[in-house]
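below are the sequence and a predicted model; questions follow.
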Amino acid sequence: MTTAIAYTEFGGPEVLHEIPLPEQAPGSGEVAIRVAAAGVNPIDAKLRSGLRPSAAITEPRRVGADGAGVVTAVGAGVDGFRVGDSVLFSGVSGAYATDIVVSARHVFARPTHVSAAEGAALGIPVSTAYQALRSLAVGAGDTLLVHGGSGAVGQAVIQFAVLWGADVVATTSDRRAERVRALGAIPVAYGDGLIDRVREAAPQGVTVAIDAAGTDEALETSIELVPDRHRIATLVRGRDAGGLGIRAFSGGSPDPLTAQQQTWRAEAVPVAIALMVAGHFSVELGPTFALADATEAHRAVEAGVDGKITLVP
Ligand SMILES: NC(=O)c1ccc[n+]([C@@H]2O[C@H](COP(=O)([O-])OP(=O)(O)OC[C@H]3O[C@@H](n4cnc5c(N)ncnc54)[C@H](OP(=O)(O)O)[C@@H]3O)[C@@H](O)[C@H]2O)c1
């Protein structure tokens, strides 16, 4: 039987339940995929709980934006894929499922170097990191401060920024400092005294900051250390950014992304895949849950775990 995970009311992880999926053939420009892994992102839980407001629920709302699997059918007008191809997909609705039909625009070939779980881990974190860095024009000569450096978004931010020639200071728990260092950033423990520790780690000064943590400390530290507020962006506290005179990319911001920013999001995943094949980019995998245990996966993402959580149908 083909199934998906959905909810019919906002609430805790327990509102997630399995629903049967009707057989769906791909339409024009679409690809049908048997899902091998679905990525679990914090936004999935924020939308489910109602923490991130969304439209009223009028029918079972499916969950999940990113995944990987094998093509089972190809719709008219799709040239790039054949039945049996290993693929990954990002930016869709309903990735927590045994099967999904998506626009071919969201589908990418998955090389053998990239496991299904790794492919499912790429979409949202990689697109967000890449778009934020491009929007802030991060490159050689910059010293970037990234808050939440040990998370999925933070790790992608560090890797792109280092590749593009920036020096990177990343906030992290002590426990996760080695992972951050291995990616090429200087780890700095978040918590009391952060500003002094960042100054010590970057005596040349910080030119640009990305907040993937969402704490007051992250915002205050960035504002204190970065001279130009137009080079500070939050990915989490979008509603507060305007009042602080800093930038926000989604994260609850009332300002939608620009067409250019959407274009950057779209180009990020193929860039990351190519870098992974070349050995210049990695994703950290975390716990795996069965699709039927999506409730437990959401408890885990809300509690915080090391590495990307994936669901396996
Ligand atoms: N705007 C967007 O488009 C967008 C896209 C993706 C994600 N986001 C948001 O960005 C945030 C991070 O997402 P993610 O996928 O990277 O999550 P994640 O993988 O769960 O990582 C969360 C990170 O937060 C860090 N953290 C926890 N407490 C902290 C504190 N007090 N100070 C600083 N850092 C702290 C954790 O560090 P330790 O484990 O070292 O404690 C961990 O690195 C989430 O709020 C998510 O909703 C926004």
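All right, it came through fine.

residues near the residue of the chain found nearest the ligand, how many?
Nearest residue of the chain to the ligand, counting by CB to the nearest ligand atom: residue 151, 2.2 Å away. (Each C-beta comes from the backbone N, C-alpha and C, glycine too.) Residue 151: 23 surrounding residues under other CB atoms under 10 Å.

quick one, phi/psi of it?
Main-chain torsions, residue 151, degrees, to the nearest 10: phi -80, psi 180.

can you pull up the most central residue in this protein?
Most central in the chain under CA atoms, centre = their mean is residue 125, positioned 2.0 Å from the mean C-alpha point.

OK, contacts around the nearest residue to the residue of the chain closest to the ligand once chain neighbours are set aside?
Distance criterion CB to CB, 6 or more residues apart in numbering; nearest residue to residue 151, sequence neighbours excluded, is residue 212 at 5.9 Å. By CB atoms under 8 Å, 6 or more residues apart in numbering, the residues touching residue 212 are 146, 147, 148, 149, 151, 153, 154, 157, 235, 236.

now, which of those residues sits nearest residue 183?
The closest of these to residue 183 turns out to be residue 149 (CB to CB; 8.1 Å).

quick check, the closest one in a helix?
No: per DSSP: H, G, I helix; E, B strand; the rest coil, residue 149 lies outside any helix segment and is coil.

touching the ligand at all, the lengthiest strand in the chain?
Of all the segments of type strand in the chain, defined by DSSP state E, the longest one is strand 30-40. No: judged by CB under 6 Å from any ligand atom, strand 30-40 stays clear of the ligand, getting no closer than 9.2 Å.

tilt between the helix or strand just after that strand and strand 30-40?
Per DSSP states H and E, the first helix or strand lying C-terminal to strand 30-40 is helix 42-49. With axes from the mean of the first three to the mean of the last three CA atoms, to 10 degrees applied, the angle from helix 42-49 to strand 30-40 works out at 90 degrees.

helix 42-49 vs the ligand: in contact?
Yes: for helix 42-49, a contact with the ligand is found by CB under 6 Å from any ligand atom, at 42, 43, 46.

now the element after that helix, going C-ward?
Moving toward the C-terminus from helix 42-49, the next helix or strand (DSSP H and E) is strand 61-62.

so which residues on this protein come close to the ligand?
Looking at the ligand, the residues of the chain close enough under CB under 6 Å from any ligand atom are 41-43, 46, 124-125, 128, 147-148, 150-154, 171-173, 176, 190, 212-215, 218, 235-236, 249-251, 304.

write the ChimeraX selection for whichever of these are buried.
The following ChimeraX line selects those of the residues of the chain next to the ligand that are buried, judged by 16 or more other CB atoms under 10 Å:
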select :41,42,43,46,124,125,128,147,148,150,151,152,153,154,171,172,176,190,212,213,214,215,218,235,236,249,250,251
